[in-house]
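A.B. asks: Let's see this in three dimensions:
(one chain, ligands or ions: 2)
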Amino acid sequence: MLEVNGIEVRYGSITALHDVSFRVDEGEIVTLIGANGAGKTTSLHAISGLLPLSGGSMTFLGKKINGRAPEDIVRAGIAHSPEGRRVFSGLTVQENLEIGATPWRRGRDSISIDMERVYDLFPRLAERRTQLAWSMSGGEQQMLAVGRALMGRPKLLLLDEPSLGLAPIIVEQLFDKIVSINRLGVTILLVEQNAAMALSVATRGYLLENGRVILADTTERLENHELVKQAYLGG
Ligand SMILES: Nc1ncnc2c1ncn2[C@@H]1O[C@H](COP(=O)(O)OP(=O)(O)OP(=O)(O)O)[C@@H](O)[C@H]1O
Ligand SMILES: [Mg+2]
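C.D. replies: Numbers count the residues shown, from 1 in each chain. Ligands and ions are numbered 1, 2, ... in the order given. As a prediction, this is how the structure comes out:
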């Protein structure tokens, strides 16, 4: 579904990704794990068209996506729930969800159908639909960021560190939802520093270090790999 072939991304003179390759097949949950500064967010920004490539290429459903505008990539079926959630704090839950629907310029009926689907998935958001986003807990804001991304009816959902700053019990609940979203037919590329949680829900994973893919395997094999156990799963 998504193929990332040997991409290089630079910030000025700094090369953040060196010859990075990975793929996500339809129906999968694939994870990119790695420490601070490994290049996880940069990889998602490159896919979403927010950063240009200085080398390599990317295809989605067989079509080249590098060089295309971010809105074209959303239209092609890729939604991005960014690191740090980035919900619109002065808007309500409902208004935030409506913003997620705008790239499609669909009618009100269709937007409300999609919104009800998000509310079915996250009843907590339904209870808070008129509440301003800033007044919600971190976990609720994360649900909103994921819900907003789902409003574009994506085929592929990019999730950047959904566990960031959340208590372990909330992370578990959120990851159950991520699995539910996947079962509804949405393919997921999950970026996480929380390797244990990410590996528990994904089928395959890639370990990034200093902008390079250093391991690519099934999650079962990654969980049992000495390097992953020592450095990323707490020994
Ligand atoms: N806007 C920027 N300008 C310059 N360098 C940047 C910029 N954004 C990221 N970098 C650098 O690129 C590298 C990869 O950063 P990136 O944000 O992709 O890492 P990450 O794996 O998402 O880390 P984290 O887990 O902390 O979110 C780092 O060395 C970082 O300092
Ligand atoms: Mg990041």
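A.B. asks: When you work out contacts or count neighbours from here on, use the C-alpha atoms and nothing else.
C.D. replies: Will do.
A.B. asks: mind checking which helix or strand of the protein has the lowest mean pLDDT?
C.D. replies: Among the helices and strands of the chain, helix 108-121 carries the lowest confidence by mean pLDDT, DSSP states H and E, at a mean of 88.
A.B. asks: Which secondary structure elements does that helix sit against?
C.D. replies: If contacts are counted by 3 or more CA pairs under 8 Å, 6 or more residues apart in numbering; DSSP states H and E, helix 108-121 sits against helix 93-101, helix 123-127.
A.B. asks: where exactly do the helices run in the chain?
C.D. replies: Assigned by DSSP state H, the chain shows helices spanning 40-47, 70-76, 93-101, 108-121, 123-127, 138-150, 168-183, 195-201, 219-223, 226-232.
A.B. asks: Would you mind getting the angle between the longest one and helix 108-121?
C.D. replies: The reference is to helix 168-183. Helix 168-183 runs at 130 degrees relative to helix 108-121, counting by axes from the mean of the first three to the mean of the last three CA atoms, to 10 degrees.
A.B. asks: One more: the first one?
C.D. replies: Calculated by the same axes, to 10 degrees, helix 40-47 forms an angle of 160 degrees with helix 108-121.
A.B. asks: how about Leu215, what does it touch?
C.D. replies: The contact partners of Leu215, by CA atoms under 8 Å, 6 or more residues apart in numbering, come to 206-208, 222.
A.B. asks: how about 7 Å then?
C.D. replies: Leu215 makes contact with 206-207, according to CA atoms under 7 Å, 6 or more residues apart in numbering.
A.B. asks: Check the one 4 residues further on too.
C.D. replies: Applying CA under 7 Å, 6+ apart, one finds that Thr219 lies in contact with 199, 202-205.
A.B. asks: quick one: which of those is nearest to ligand 1?
C.D. replies: Proximity of the contacts of Thr219 to ligand 1 (CA to the nearest ligand atom) peaks at Gly205, which lies at 14.3 Å.
A.B. asks: wait, doesn't that closest one sit right on Leu32?
C.D. replies: Yes: look at Gly205 against Leu32 with CA atoms under 7 Å: they come within range, at 5.8 Å.
A.B. asks: give me the low-pLDDT residue ranges for this protein?
C.D. replies: Within the chain, the ranges that satisfy pLDDT under 70 run 102-106, 108, 235.
A.B. asks: That one against ligand 1: which residues are in contact?
C.D. replies: Within the chain, the positions adjacent to ligand 1 are 11, 16, 35-42, 193 by CA under 6 Å from any ligand atom.
A.B. asks: so Ala69 makes contact with Leu51?
C.D. replies: No: using CA under 7 Å, Ala69 makes no contact with Leu51, being 9.9 Å away.
A.B. asks: Can you give me the neighbour number for Leu227?
C.D. replies: 13 (other CA atoms under 10 Å).
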